[in-house]
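> Output the structure for:
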Amino acid sequence: MAGLIKREDIDEVRQRTDIKEVVDGYVTLKGAGLGTYKGLCPFHDERSPSFTVRPQVGRYHCFGCGEDGDVIAFVQKQDHTSFHEAVEKLAARIGYELRYEDGGTGPNREEVGKRQRLLDAHKIADEFFRAQLLTPGASEGRNFLHGRGFDRAAAEQFGVGYAPQGWDALLKHLRGRGFTDQELKLTGMFSEGNRGIYDRFRGRLIWPIRDIAGDTIGFGARKLYEDDQGPKYLNTPETTLYKKSQVLYGIDLAKRSIAKDRQLVVVEGYTDVMACHLAGIPTAVATCGTAFGTEHIKIARRLLSDDGTGGEVIFTFDGDAAGQKAALRAFEEDQRFTAQTYVAVEPTGADPCDLRQTRGDAAVRDLINARRPLFEFAIRATLKRHNLDTVEGRVAALRESAPVVGQIRDAGIRPAYARELAGWLGMSVEDVSRAVAVAMKRAASGPPGAPGDTAPGGPHTSASTPQPGGPGVAAGPASGAVPSYNRPDPRDPVASMERQAIEVALQEPSLLGGGIWERFSAARFVTPAFQAIHDAMRASGPGLIGDPVRWVEQVMNEVPEPLRPLVSELAVVPLPASTEEAVQKYCRDILSRLFELQITRVKADKMGQLQRLDPAADPEDFQRLNRELMMLEMERRALRSDA
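Below is the predicted model of the structure:
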């Protein structure tokens with residue numbers, strides 16, 4: 001049973017994981033000052049590096065697009081995983097065993113070990129197949145690729161390989177790498193006969209099928225020789241790694257473009273994915289021998305941030321009857337999206353690979369650009385089944401198409417399609433609207449869970465309905481204004497000094513130990529944003545100042561939401577020093593300046609009080625204020641002396 005990961009374990013994983021090592025797997029980082037690294041941002045296109053990582057505080061921040069977070073957030077965004085999955089992945093990386101609330105359990109350590117062995121076997125097989133494509137025996141495979149317009153560079157980009165003819169080429173290779181037959185049986189790469197196991201893929205062109213993180217989990221194999229009695233395409237069977245209903249070919253290559261462009265293009269085959277990517281449609285993926293279904297939609301929604309704020313899913317299908325049937329199945333699944341869905345069908349029936357081969361890259365782009373709303377396609381496909389030249393045909397068409405219009409979840413679009421349908425049928429808008437309303441009523445009164453069921457929170461919830469915590473909506477109580485903060489003016493010398501003090505306190509909190517914490521906690525900031533961050537530091541307390549990663553995390557939790565990006569920025573901005581000794585001196589100097597400024601402010605207040613006093617009338621207060629002013633001046637001189 002899965003359960004919530006214990007909070008202290010999450011903190012431990014965050015603390016023990018070197019964020020630089022993790023980010024290095026995705027971004028080339030270079031030193032940018034002591035303890036700070038920079039690289040090109042993985043979340044937006046840029047020419048000059050502005051993506052900054054500060055391992056000491058365990059955070060990253062892009063000064064170009066504003067993306068920021070800790071190592072868990074980075075893995076979530078890069079691999080498009082849930083928080084839970086990201087923590088488990090990082091825990092496995094460092095060998096940390098997680099504990100779960102309420103008696104729940106996480107991945108079994110033995111099962112994790114078995115899974116890693118399967119992944120290792122697939123990785124080695126992937127490398128083996130790719131190497132075989134360059135051998136003399138693979139000429140038929142290379143000819144196939146060349147005949148479809150793919151050169152060697154394209155084959156390398158998509159990891160295309162070749163399975164040699166024969167029964168045990170891969171088997172011998174993996175046995176030689178230490179894998180047992182019992183392990184190999186679980187990979188799906190082998191079949192079993194009376195004499196034991198043998199290669200499943202023989203004399204075929206091979207495409208590696210990878211998960212969203214880029215790990216090879218299966219293979220698709222295309223028939224090349226006439227004497228091959230197997231199917232045209234042969235995929236890995238269902239295994240613990242490979243579940244075809246949850247796999248999209250090309251997702252590892254397309255995920256970044258899908259998230260960036262808010263577009264997902266679903267094509268039908270491996271070569272179609274290759275053709276689209278090479279033609280400038282890097283958002284293309286394909287299902288692996290199954291229809292685009294519920295599990296695929298979960299992947300798509302995660303990548304598209306399918307929250308009603310935009311994005312589009314484009315299905316490409318052959319123009320034949322089977323293609324139209326597939327499109328109508330997609331329409332049924334469309335109701336699970338809040339992104340807009342479209343269909344792109346080439347009138348001649350050509351798929352993207354054929355189009356690129358015969359008419360070039362531009363034709364592939366034109367096909368996608370000429371997409372039509374899936375609503376329209378589904379309605380028109382329904383109308384084609386009836387003779388609209390007769391009254392009986394038009395009435396039958398209305399009966400069948402009205403429920404299709406009624407399924408459109410967007411209440412703003414539905415009436416517009418009712419009017420379109422009226423025009424296509426040559427009927428009055430009133431008659432069609434009435435038929436749509438009746439169809440919706442019938443669907444709504446059906447048994448719970450039936451198509452058309454509109455229970456609250458179901459897939460027909462309007463995309464325009466604000467949801468708590470959604471984009472632009474502050475989570476929490478509806479009443480009460482969310483405070484807003486102007487970005488501090490860098491030209492203001494006081495704001496500049498306060499900013500430097502906050503930077504030091506975030507990045508080198510250990511300097512706040514001992515009596516320094518009391519002094520820092522008592523400081524008063526005049527810049528509202530910095531005062532709010534200072535308040536968050538005081539609320540966090542001195543208990544975490546010896547642990548920079550947890551300190552920054554706690555301050556992020558305490559600070560008002562609008563200021564979190566600023567805290568993230570200040571936690572990673574390089575400090576102006578090139579050695580550890582210089583950093584310590586700089587930080588102490590900044591804190592001394594902050595404390596001296598506080599003394600100056602207090603002195604000014606007390607001088608004002610002193611000037612308003614009558615020494616003759618209030619001799620005791622007059623003497624007390626003079627003593628306090630003298631003590632403040634001594635404290636100020638001591639600070640300067642230490643500095």
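> Can you tell me the closest non-neighbouring residue to T52?
Setting aside the residues directly before and after it, T52 is nearest to V572 in space (C-beta to C-beta, 6 or more residues apart in numbering), at 4.7 Å. No exception for glycine: its C-beta is placed from N, CA and C like everyone else's.
> Count the residues that sit near that neighbour.
Neighbour count of V572, defined by other C-beta atoms under 10 Å: 29.
> swap in R210?
Using other C-beta under 10 Å, R210 has 21 neighbouring residues.
> do the same with D24
D24, neighbours per other C-beta under 10 Å, totals 14.
> Look up how far C65 lies from it.
Per C-beta to C-beta, to the nearest Å, D24 is found 20 Å from C65.
> Look up the closest residue to G149, ignoring the ones flanking it.
In space, G149 is closest to Q357, 4.6 Å off (C-beta to C-beta, 6+ apart).
> Equivalent analysis for E140, please.
Using C-beta to C-beta, 6+ apart and skipping the chain neighbours, the partner closest in space to E140 is L224 (4.8 Å).
> give me phi/psi at that neighbour?
Main-chain dihedrals, L224, degrees, to the nearest 10: phi -120, psi -30.
> next one: D389
The phi and psi values for D389, taken as degrees, to the nearest 10, are phi -80, psi -10.
> same thing with G218?
The phi/psi pair for G218 (degrees, to the nearest 10) is phi -180, psi -180.
> and what of T390?
When read as degrees, to the nearest 10, the backbone of T390 gives phi -120, psi 150.
> roughly how far apart are the residue nearest to T52 and A73?
To A73, V572 is 13 Å away according to C-beta to C-beta.
> How about I297?
Using C-beta to C-beta, we find I297 at a distance of 24 Å from A73.
> so the residue nearest to G149 makes contact with H146?
No. Judged on C-beta atoms under 8 Å, Q357 makes no contact with H146 at a distance of 10.8 Å.
> quick one: N486 and V494, what's the gap?
Taken as C-beta to C-beta, the span from N486 to V494 is 14 Å.
> out of those two, which sits in the more crowded spot?
Counted by other C-beta under 10 Å, N486 and V494 do not tie: V494 has more neighbours, with 14 against 8.
> residues touching the more buried one, list them.
Applying C-beta atoms under 8 Å, 6 or more residues apart in numbering, we find V494 in contact with V526, T527, L597.
> More neighbours: Q357 and H146, which one.
Neighbour totals were compared for Q357 and H146, and Q357 leads with 18 against 12 (other C-beta under 10 Å).
> Now name the helix or strand holding the more buried one.
Assessed by DSSP states H and E, Q357 sits inside helix 352-359.
> quick one: contacts of that helix?
Contact with helix 352-359 is made by 148-149, 267, 269, 271-272, 274-276, 278-279, 281, 284, 316, 346, 350, 363-364, 367, as judged by C-beta under 8 Å, 6+ apart.
> and I209, what are its phi and psi?
Backbone torsions for I209, taken as degrees, to the nearest 10, come to phi -100, psi 120.
> That one and A125, how far apart?
Using C-beta to C-beta, we find I209 at a distance of 12 Å from A125.
> Show me the common contact partners of the two, please.
Jointly contacting I209 and A125 under the rule C-beta under 8 Å, 6+ apart are T216, F219.
> my guess is V13 contacts I94, does it?
Yes. V13 sits in contact with I94 when judged by C-beta under 8 Å, with a separation of 7.0 Å.
> got a list of contacts for stretch 57-65?
14-15, 17, 19, 23, 41, 43-44, 46, 50-54, 67-71, 74, 506-507, 548-549, 551-553, 565, 568-569, 571-573.
> so who does the residue nearest to E140 touch?
Going by C-beta under 8 Å, 6+ apart, L224 touches E140, G141, F144, G203, R204, L205.
> one more time with 6 Å, if that's ok
By C-beta atoms under 6 Å, 6 or more residues apart in numbering, the residues touching L224 are E140, G141, G203, R204.
> and those residues as CSV, adding secondary structure?
Below are the contacts of L224 laid out as CSV (DSSP: H, G, I helix; E, B strand; the rest coil):
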residue, secondary structure
E140, helix
G141, helix
G203, coil
R204, strand
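> Quick check: the closest residue to A522 other than its chain neighbours vs E312, distance?
Leaving aside its chain neighbours, A522 sits nearest to Q598 (7.4 Å; criterion: C-beta to C-beta, 6+ apart). As judged by C-beta to C-beta, Q598 and E312 stand 55 Å apart.
> repeat for V75
Distance, V75 to E312, by C-beta to C-beta: 27 Å.
> So between those two, which is more surrounded?
With neighbours defined as other C-beta under 10 Å, V75 and E312 compare such that V75 has more, 26 against 18.
> Tell me if I'm right that that one and A86 touch.
Yes. Proximity of V75 to A86 meets the contact threshold set by C-beta atoms under 6 Å, at 4.2 Å.
> that older thread, which of the contacts of L224 has the largest number of neighbours?
Neighbour-wise, the contacts of L224 (other C-beta under 10 Å) top out at R204, 28 neighbours.
> That residue: what's it in contact with?
Remark: with contacts taken as C-beta under 6 Å, 6+ apart, R204 is in contact with A163, A221, R222, L224.
> show me the biggest helix of the chain in terms of residues.
Counting residues, the longest helix found in the chain (DSSP state H) is helix 580-612.
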